[in-house]
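Asker: fold the following, please.
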Amino acid sequence: MRKIKLQERQPIWIALSDFYLDTELQANDFKHIASKIKESQYSLEEVKAINKTEVFPVLYANLLSVAGVWSGFEEQWLLAEIIKNLENKNYFLKLRVKFRYATMKWMLVDYWTGVESAYKEL
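Answerer: A predicted model of the protein is given here:
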């Protein structure tokens, strides 16, 4: 597996964290996320994989919370948690995340549609 370049990933992680806020994203949010993707070295498909395997495992619980975070995740905490999660991955954790994502990805479909639309317009 290719070594993850953490510095290059961080703007993507921060932008994707908006998917997990307890708010409804708007057109300007999609434009912001799409611009971060365009500025990165990653394709849209690669960013979807980054979301699934790196951001989702850390933040999915906020989607289930009645009083979840709505104003934004503290960036240093977010980055530290994602890095910690990457360092602690094992087969069973990967399997658990894969199952959770399969059951919860419907919650993100509209967001990806918005981001893809904004991405095409850039």
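Asker: any low-confidence regions in this structure?
Answerer: 1-3 (pLDDT under 70).
Asker: if you set the cut-off to 90 instead, what comes out?
Answerer: 1-6, 22-23, 63-72, 89-91, 93-94 (pLDDT under 90).
Asker: which stretches of it form helices?
Answerer: Remark: helices assigned in the chain by DSSP state H are 6-16, 27-39, 44-50, 56-64, 75-87, 91-104, 109-121.
Asker: got the angle for the first one vs helix 75-87?
Answerer: This points to helix 6-16. 120 degrees (axes from the mean of the first three to the mean of the last three CA atoms, to 10 degrees).
Asker: now do helix 6-16 against helix 27-39, angle only.
Answerer: Using the same axes, to 10 degrees: helix 6-16 against helix 27-39 is 160 degrees.
Asker: tell me how far helix 6-16 lies from the chain's centre.
Answerer: Distance, stretch centre to chain centre, for helix 6-16: 9 Å (CA atoms, centre = their mean, to the nearest Å).
Asker: now do the longest one
Answerer: Averaged C-alpha coordinates place helix 91-104 at 15 Å from its chain's average position (CA atoms, centre = their mean).
Asker: swap in the third one?
Answerer: Using CA atoms, centre = their mean, we find the averaged C-alpha position of helix 44-50 to lie 9 Å away from the chain's own average C-alpha position.
Asker: in that helix, what's buried?
Answerer: 47-48, 50 (16 or more other CB atoms under 10 Å). No exception for glycine: its C-beta is placed from N, CA and C like everyone else's.
Asker: can you spell out which helices and strands pack onto it?
Answerer: helix 6-16, helix 109-121 (3 or more CB pairs under 8 Å, 6 or more residues apart in numbering; DSSP states H and E).
Asker: kindly recompute the last result at 10 Å.
Answerer: helix 6-16, helix 27-39, helix 109-121 (3 or more CB pairs under 10 Å, 6 or more residues apart in numbering; DSSP states H and E).
Asker: list the residues that contact the nearest residue to residue 73 once chain neighbours are set aside.
Answerer: Nearest residue to residue 73 in three dimensions, chain neighbours excluded: residue 17, at 4.9 Å (CB to CB, 6 or more residues apart in numbering). Contact partners of residue 17, counting by CB atoms under 10 Å, 6 or more residues apart in numbering, are 33, 51, 55, 58-59, 62, 69, 72-73, 75, 78-79, 82.
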